[in-house]
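**Student:** Next comes the sequence, and after it the predicted model I'd like to discuss.
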Amino acid sequence: MSDKKTPPPPVLPPMVSLKESFCLFHKGDIKGEIYTCPSCKSNYCLKCAEKAKKEGRLCVKCKYLVLI
Ligand SMILES: [Zn+2]
Ligand SMILES: [Zn+2]
């Protein structure tokens, strides 16, 4: 009987982009609901996206229209 425990293999954390929750409209962390650009998949705050839409601003990265 061998009850020798083998240590579990090291689990590497998935590569998470630090920029994933960074809003390029207000240049800060996204808090609350997220809006994702349908073209380049950049994330923005939903609030910033709504404001950007009103002001006629485009996605900072790909210049795609903000569609909400
Ligand atoms: Zn975009
Ligand atoms: Zn924002």
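**Tutor:** The structure has been received and is ready for your questions. Ligands and ions are numbered 1, 2, ... in the order given.
**Student:** Around ligand 2, pick out the residues from this protein.
**Tutor:** Neighbours of ligand 2 within the chain, by CB under 5 Å from the ion: C23, F25, H26, C45, C48. Just so you know, the C-beta spots here come from the backbone N, C-alpha and C atoms, and that holds for glycine as well.
**Student:** So for stretch 6-13, what gets flagged as buried?
**Tutor:** By neighbour count on 16 or more other CB atoms under 10 Å, the buried set for stretch 6-13 is empty.
**Student:** which residues touch the residue lying closest to S42 once chain neighbours are set aside?
**Tutor:** Using CB to CB, 6 or more residues apart in numbering and skipping the chain neighbours, the partner closest in space to S42 is K61 (4.8 Å). With contact taken as CB atoms under 8 Å, 6 or more residues apart in numbering, K61 is in contact with L24, C37, C40, S42.
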